[in-house]
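# Here is a sequence with its predicted model. Questions after.
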Amino acid sequence: MTESVGVSGDFEEGKAVKVDFAGFPVVVVRIDGELFAIGDTCSHAKYSLSEGEVYAEEREIECWKHGSTFSLRDGHPTCFPATKAVPVFDVAERDGVVLLSRSEDDTIDAKRGR
């Protein structure tokens, strides 16, 4: 499944943008021109990661509520209190359109950790 979530101009450098992918909240971040997409919900306390700080050099995003940071590369938490990873999505730009995707075997429920 592949779905358009916006145009390239919607994703400014170093800014977190929350998008909807098949009913699932995803945060997309552009750093040094590269796009990253992970689940938007903190695995610790269910707060929106898109409201947190982006650490470009570390390729991480911080949950604003309790301070856990998550790798934008693999979704794993890099500090407590979160201990579970958030899902990672494939993201690409084609002709000015930003696309998210997942494989047929990788259902949204699996991305939610069910």
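Received, thanks. What you see is a predicted model; the values in this text were computed from it and never measured. Numbers count the residues shown, from 1 in each chain.
# Do me a favour and get the end-to-end distance for stretch 65-84?
One end of stretch 65-84 to the other measures 16 Å (CA to CA, to the nearest Å).
# Show me what counts as buried in it.
Lys65, Ser68, Thr69, Phe70, Ser71, Leu72, Gly75, His76, Pro77, Thr78, Ala82 (16 or more other CB atoms under 10 Å). C-beta here means a position set from N, CA and C on the backbone, and glycine is covered the same way.
# same check, this time on stretch 24-35
Neighbour-count burial for stretch 24-35, with 16+ other CB under 10 Å as criterion, is recorded at Phe24, Val26, Val27, Val28, Val29, Arg30, Ile31, Leu35.
# Equivalent analysis for stretch 7-16, please.
Of the residues in stretch 7-16, Phe11, Ala16 count as buried by neighbour count, 16+ other CB under 10 Å.
# now do stretch 51-64
Here stretch 51-64 shows Glu51, Gly52, Val54, Arg59, Glu60, Ile61, Glu62, Cys63 as buried, counting by 16+ other CB under 10 Å.
# Out of those, which comes closest to Gly9?
Of all these, Val54 has the smallest distance to Gly9: 17.9 Å, by CB to CB.
# Please name the bridge partners of the closest one.
Ile61 (DSSP bridges).
# ok, it - contacts?
Counting by CB atoms under 8 Å, 6 or more residues apart in numbering, Val54 makes contact with Gly14, Lys15, Ala16, Val29, Ile31, Glu60, Ile61, Glu62.
# gap between it and Leu100?
Here the criterion is CB to CB, to the nearest Å. By it, Val54 lies 18 Å from Leu100.
# re the thing from before, any chance of the buried residues of stretch 65-84 in CSV with secondary structure and pLDDT as columns?
As requested, the buried residues of stretch 65-84 are arranged in CSV below (DSSP: H, G, I helix; E, B strand; the rest coil; pLDDT from 0 to 100):
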residue, secondary structure, pLDDT
Lys65, coil, 93
Ser68, coil, 96
Thr69, strand, 97
Phe70, strand, 98
Ser71, strand, 98
Leu72, coil, 98
Gly75, coil, 96
His76, coil, 97
Pro77, strand, 97
Thr78, coil, 97
Ala82, coil, 94
